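S.K.: sequence plus predicted model, see below.
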Amino acid sequence: MKKNNLNNGASGFNGSFLVEEAIKKDYRVFAGIRNYSSRQYLKDPGIHFLELDFSNSDSLDISLRNFAGKYGNFDFIIHNAGITKAKNSHPFDLVNFENTNRFVHALQRNQLVPGKFIYISSVASFGPGENTRPISALHTRRPLTAYGRSKLKAEEFLYTTRDFPFLIINPTAVYGPREKDVFFLLKSIEKHLEVYIGTTQQLLSFIHVQDLCEAVFLSMESTALNQNLLVSDFGVYTAKEFNHMVKKNLNKRTVSFILPVSLVRIVAFLSECMGRIRGEIPVLNRERLKEFEAKNWGVDCTDISKLGFIPQFSLEEGLKQTIGWYKKQGWMKG
């Protein structure tokens with residue numbers, strides 16, 4: 001009999017790939033979405049949809065009871081429902097922390113605690129590494145942004161929840177087909193601009209979305225419990241090395257700029273102003289700039305590697321595959 005796998009945040013970038021991975025692994029797959037969520041990448045006929053309003057406890061109770069009456073309990077839940085951008089700090093706490101808190105309590109209240117609850121967090125909940133030492137699970141937590149702090153609050157809540165089996169996955173920068181933030185950096189290179197904030201030697205780490213999915217399901221099906229697992233492709237790259245790989249894949253020459261942080265802060269402020277006028281949240285804003293200017297985002301993946309995780313995509317191979325998809329979709333020139 002197939003096991004029940006609920007994927008919350010299924011309409012998002014990571015979420016849609018996690019749903020696809022669950023289908024490949026022959027789970028009975030439930031896509032947790034809101035009634036207005038996009039289903040653009042959720043076309044497989046094997047997907048069951050479960051509409052969940054995490055902001056309303058009564059609505060959650062009704063949805064969960066209806067599910068239980070028809071399908072029984074959840075074997076696994078992957079909770080990837082959150083936001084990475086907001087106009088101010090309040091929505092981060094509301095969505096990333098309070099909604100997670102409300103959902104976990106609803107599961108407990110309705111006797112639907114799963115076999116394992118996977119919380120997709122972020123390396124942002126740790127904050128950058130000190131000097132050149134990679135971020136590890138024992139790293140002193142110093143998140144730089146409201147987003148990182150909201151993720152940390154949700155993690156701390158899980159650690160205080162009794163009789164609730166969980167794992168926390170902390171991926172570094174995730175890229176791949178459909179992704180739009182790293183895409184923003186690639187578009188700059190495509191336009192022959194190679195821009196650095198303060199230094200060319202910022203340390204970065206990445207994970208291809210398909211490797212992230214493999215790490216999530218490997219850890220979900222393992223005996224690991226109640227811990228953080230940092231996930232990357234095991235590499236640490238300077239910003240210059242990353243840009244070199246992109247230029248090689250795009251076959252582009254660039255003009256290189258190292259911009260002072262003080263100047264980029266002004267640009268970020270102006271970007272926010274333009275975003276307000278357009279009703280958008282820009283990729284470059286003053287909160288995200290705190291992460292962009294941090295010197296070290298390299299991570300130590302010892303714990304996930306002990307579970308047998310081996311990334312299938314090197315950064316260069318992953319960029320080649322991703323850029324190929326962007327070109328095929330018309331997001332970039334062929």
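M.R.: It's in. Numbers count the residues shown, from 1 in each chain.
S.K.: now do the contacts for Val264.
M.R.: Listed by Cβ atoms under 8 Å, 6 or more residues apart in numbering, the contact partners of Val264 are 197-198, 284, 289, 292-293. Where you see a C-beta, it was placed from the backbone N, CA and C, and this is true even at glycine.
S.K.: what about the longest helix in the chain?
M.R.: In terms of residue count, the longest helix belonging to the chain (DSSP state H) is helix 261-278.
S.K.: any idea which helix or strand comes after that helix?
M.R.: helix 286-292 (DSSP states H and E).
S.K.: show the subsequent helix or strand relative to that following helix.
M.R.: Toward the C-terminus, helix 286-292 is succeeded by helix 302-306 as the next helix or strand (DSSP H and E).
S.K.: so which elements touch the next helix or strand along the chain from that next one?
M.R.: Downstream of helix 302-306, the next assigned helix or strand under DSSP H and E is helix 315-329. Judged by 3 or more Cβ pairs under 8 Å, 6 or more residues apart in numbering; DSSP states H and E, helix 315-329 is in contact with strand 173-175, helix 181-190, strand 206-208, helix 239-250.
S.K.: just to revisit the earlier point, quick one: mean pLDDT for the longest helix of the chain?
M.R.: The average pLDDT within helix 261-278 is 86.
S.K.: alpha carbons only: can I get it in CSV?
M.R.: The C-alpha atoms that make up helix 261-278 are tabulated as CSV, following Å, rounded to 0.1, in the frame of the first residue of the first chain:
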residue,chain,number,x,y,z
VAL,A,261,28.6,48.3,-0.1
SER,A,262,27.6,52.0,0.7
LEU,A,263,26.7,52.5,-2.9
VAL,A,264,24.7,49.3,-3.2
ARG,A,265,22.7,50.3,-0.1
ILE,A,266,21.6,53.4,-1.9
VAL,A,267,20.7,51.3,-5.0
ALA,A,268,18.8,48.8,-2.8
PHE,A,269,16.8,51.7,-1.2
LEU,A,270,15.9,53.0,-4.7
SER,A,271,15.0,49.5,-5.8
GLU,A,272,12.6,49.2,-2.9
CYS,A,273,11.0,52.6,-3.8
MET,A,274,10.5,51.4,-7.4
GLY,A,275,9.1,48.2,-6.1
ARG,A,276,6.5,50.0,-4.0
ILE,A,277,5.4,52.0,-7.0
ARG,A,278,5.1,48.8,-9.1
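S.K.: what are the buried residues along that helix?
M.R.: Residues of helix 261-278 classed as buried by neighbour count (16 or more other Cβ atoms under 10 Å): 264, 268, 271-272, 275.
S.K.: which residue packs closest to Leu152, ignoring adjacent ones?
M.R.: Nearest residue to Leu152, sequence neighbours excluded (Cβ to Cβ, 6 or more residues apart in numbering): Ser125, at 4.2 Å.
S.K.: so how many other residues sit close to that neighbour?
M.R.: By the criterion of other Cβ atoms under 10 Å, Ser125 has 24 neighbours.
S.K.: my read: it touches Thr145, true?
M.R.: No: using Cβ atoms under 8 Å, Ser125 is not in contact with Thr145; the gap is 9.8 Å.
S.K.: can you pull out the helices in the stretch 1-150 of the chain?
M.R.: All helices of the stretch 1-150 of the chain, identified by DSSP state H, counting those that start in this stretch, fall at 13-24, 57-71, 90-92, 99-109, 146-159.
S.K.: so which of those helices is the most surrounded?
M.R.: helix 13-24 (a mean of 22; mean count of other Cβ atoms under 10 Å).
S.K.: give the rounded mean pLDDT of it.
M.R.: Per-residue scores along helix 13-24 average to 96.
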